[in-house]
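Whatever this is, show me its structure:
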Amino acid sequence: MPNFYTEISRASTKGEKLLAILIDPDKFKEPEAEAYLKRIPKETSHIFVGGSSVAKCKTEKTVNSIKKHTNLPVILFPGDYSQITESADALLFLSLLSGRNPEYLIEQQIKSVGSLRNSSLQIIPTAYILIEGGKECAVQRISKTEPIPQFQVETIVDTALAGEFSGKKLIYLEAGSGADFPVSEEIIYEVKKAISIPLIVGGGIRNRVQQNSAYKAGADMIVMGTQFEK
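Have a look, this model is predicted:
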């Protein structure tokens, strides 16, 4: 099996842009998996699976259904340790650095160890930074944390660097699912300029113009999803 982090890092170094489609298991119907995958862009490089709140066993059913119809790597993007399944290829091991709730800084990670100790999943330490997107999002409600306002660019950059200095391998800037507006080009540019690891940007990106703007500003991978749920 290929090393997915190495592939993402190599693409970042070469300036190759990646696209991940995020699937929320609670909004996904397994019998429609094939039709759903036909709707996503041809340049899609990865499938992310996860949500802020997902019914028990729903993640595994979703992953198994997706993998029947695509060879794209399926990477877990869990909102809770209960969403971990061996059916996927890799796991974004998230720490919510924008908030100060210990449950999402370290407690969820500790709770996941029992599932991951002997896991075959590729585990990718990821700094997850919630950015204001214009409305309250599910991550904000579930984690009981506040996003960093978009005008606090220096704070966002410092948080990203703290993630890198702590050993994270990816920085993920998130405006929230269904955000009114995405992470600004200025934030993306300043964060990318400061860090030396790959940068993922998601939330509120609904069209090609917004996607290309984020790429141009420095995003290595864009995450889209809400617009494909309908």
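
alpha carbons only for contacts and neighbour counts from here, please
OK.

Show me what counts as buried in the longest helix belonging to the chain.
Ranked by residue count, the top helix of the chain under DSSP state H comes out as helix 153-165. Neighbour-count burial for helix 153-165, counted by 16 or more other Cα atoms under 10 Å, picks out 153, 156, 157, 159, 160, 161, 163, 164.

Got the phi and psi for the residue positioned nearest the centre of the chain?
For the chain, the residue nearest the mean C-alpha position is residue 77 (5.7 Å; Cα atoms, centre = their mean). According to degrees, to the nearest 10, the main-chain angles of residue 77 amount to phi -130, psi 70.

next one: residue 228
Dihedral angles for residue 228 - degrees, to the nearest 10 - are phi -100, psi 0.

if I pick it, what's in contact with it?
Contact analysis of residue 228 by Cα atoms under 8 Å, 6 or more residues apart in numbering lists 36, 39, 40.

swap in residue 192?
199, 218, 219.

That one should be in a strand, yeah?
No: judged by DSSP: H, G, I helix; E, B strand; the rest coil, residue 192 forms no part of a strand; its state is helix.

Report all helices and strands that the longest helix of the chain contacts.
For helix 153-165, the helices and strands in contact under the criterion 3 or more Cα pairs under 8 Å, 6 or more residues apart in numbering; DSSP states H and E are strand 122-130, strand 170-174, helix 185-194.

how much does that helix deviate in direction from helix 185-194?
If you take axes from the mean of the first three to the mean of the last three Cα atoms, to 10 degrees, helix 153-165 sits at 40 degrees to helix 185-194.

could you point out where the protein is predicted with low confidence?
Across the chain, the ranges flagged by pLDDT under 70 are 230.

That one: strands as residue ranges?
Under the criterion DSSP state E, strands of the chain are mapped to 18-23, 46-49, 74-76, 90-96, 122-130, 170-174, 199-202, 221-224.

Near residue 71, how many other residues are there?
Per other Cα atoms under 10 Å, the neighbour tally for residue 71 reads 11.

Roughly how far does it sit from residue 124?
Distance of residue 71 to residue 124, computed by Cα to Cα, to the nearest Å: 20 Å.

quick one on the thing from earlier: would you mind giving the buried residues of helix 153-165 as JSON lines with distance to residue 144 added?
Below are the buried residues of helix 153-165 laid out as JSON lines (distance: Cα to Cα, whole Å):
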{"residue": "153", "distance to residue 144": "22"}
{"residue": "156", "distance to residue 144": "19"}
{"residue": "157", "distance to residue 144": "22"}
{"residue": "159", "distance to residue 144": "18"}
{"residue": "160", "distance to residue 144": "20"}
{"residue": "161", "distance to residue 144": "23"}
{"residue": "163", "distance to residue 144": "20"}
{"residue": "164", "distance to residue 144": "24"}
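
Can you tell me which of these lies closest to residue 2?
Ranked by distance to residue 2 (Cα to Cα), the buried residues of helix 153-165 are led by residue 164 at 23.4 Å.

Surely the closest one and residue 198 touch.
No: here residue 164 does not reach residue 198: they are 10.1 Å apart, not a contact under Cα atoms under 8 Å.

In CSV, list the C-alpha atoms belonging to stretch 171-181.
Listed next in CSV are the C-alpha coordinates belonging to stretch 171-181 (Å, rounded to 0.1, in the frame of the first residue of the first chain):
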residue,chain,number,x,y,z
ILE,A,171,-2.1,21.8,8.8
TYR,A,172,-5.9,21.8,8.1
LEU,A,173,-7.6,25.2,8.0
GLU,A,174,-11.4,24.7,8.3
ALA,A,175,-14.1,27.3,7.9
GLY,A,176,-16.8,24.7,8.8
SER,A,177,-19.2,22.6,6.7
GLY,A,178,-21.5,24.8,4.7
ALA,A,179,-19.7,28.0,5.8
ASP,A,180,-21.1,31.3,4.4
PHE,A,181,-17.5,32.1,3.2
